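Engineer: Quick check, what structure comes out for this input:
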Amino acid sequence: MNSRHYDPDKLKELREVARLTQEQVAIKLDVHRQTVFRAETGQSASYELLCALCELYDYDVVSLLYPRPLEMEAE
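Structural biologist: Residues are numbered from 1 along each chain as shown. Take a look at the predicted model:
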């Protein structure tokens, strides 16, 4: 399952705040560095990866998936 709606810039910001390199994150999550790179550039990221990244950064996954309030449909 690919998550199409998330804020890749926020992922990079969270990593930088945690003072980690992409390589360090990859090692902690047991993934390739390219996987972290792709997530941070918005190319691809599974829901499972996003959850793991949010857990690592102590960040709410819902806030990452829905960075702006959802628009309500007009009734």
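Engineer: Please make it C-alpha for all contacts and neighbour counts, starting now.
Structural biologist: Fine.
Engineer: Only the C-alpha atoms, please, for the lowest-mean-pLDDT helix or strand in the chain, written as PDB.
Structural biologist: Ranked by mean pLDDT, DSSP states H and E, the weakest helix or strand in the chain is helix 61-65, scoring a mean of 87. Extracted in PDB, the C-alpha atoms of helix 61-65 (Å, rounded to 0.1, in the frame of the first residue of the first chain):
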ATOM      1  CA  VAL A  61       1.400   9.700  11.600                       C
ATOM      2  CA  VAL A  62      -2.100  11.300  11.100                       C
ATOM      3  CA  SER A  63      -0.500  14.800  11.100                       C
ATOM      4  CA  LEU A  64       2.000  13.600   8.500                       C
ATOM      5  CA  LEU A  65      -0.700  12.000   6.300                       C
END
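Engineer: Against residue 65, how distant is residue 38?
Structural biologist: Distance, residue 38 to residue 65, by C-alpha to C-alpha, to the nearest Å: 16 Å.
Engineer: From the neighbour counts alone, determine which of these two ranks first.
Structural biologist: residue 65 (17 against 13; other C-alpha atoms under 10 Å).
Engineer: Could you find the closest non-adjacent residue to that one?
Structural biologist: residue 6 (4.2 Å; C-alpha to C-alpha, 6 or more residues apart in numbering).
Engineer: Distance of the one you found relative to residue 27?
Structural biologist: For residue 6 relative to residue 27 (C-alpha to C-alpha), the value is 23 Å.
Engineer: Looking at those two, which one has more neighbours?
Structural biologist: Legend: neighbour count by other C-alpha under 10 Å for residue 6 and residue 27, higher for residue 6 (22 against 12).
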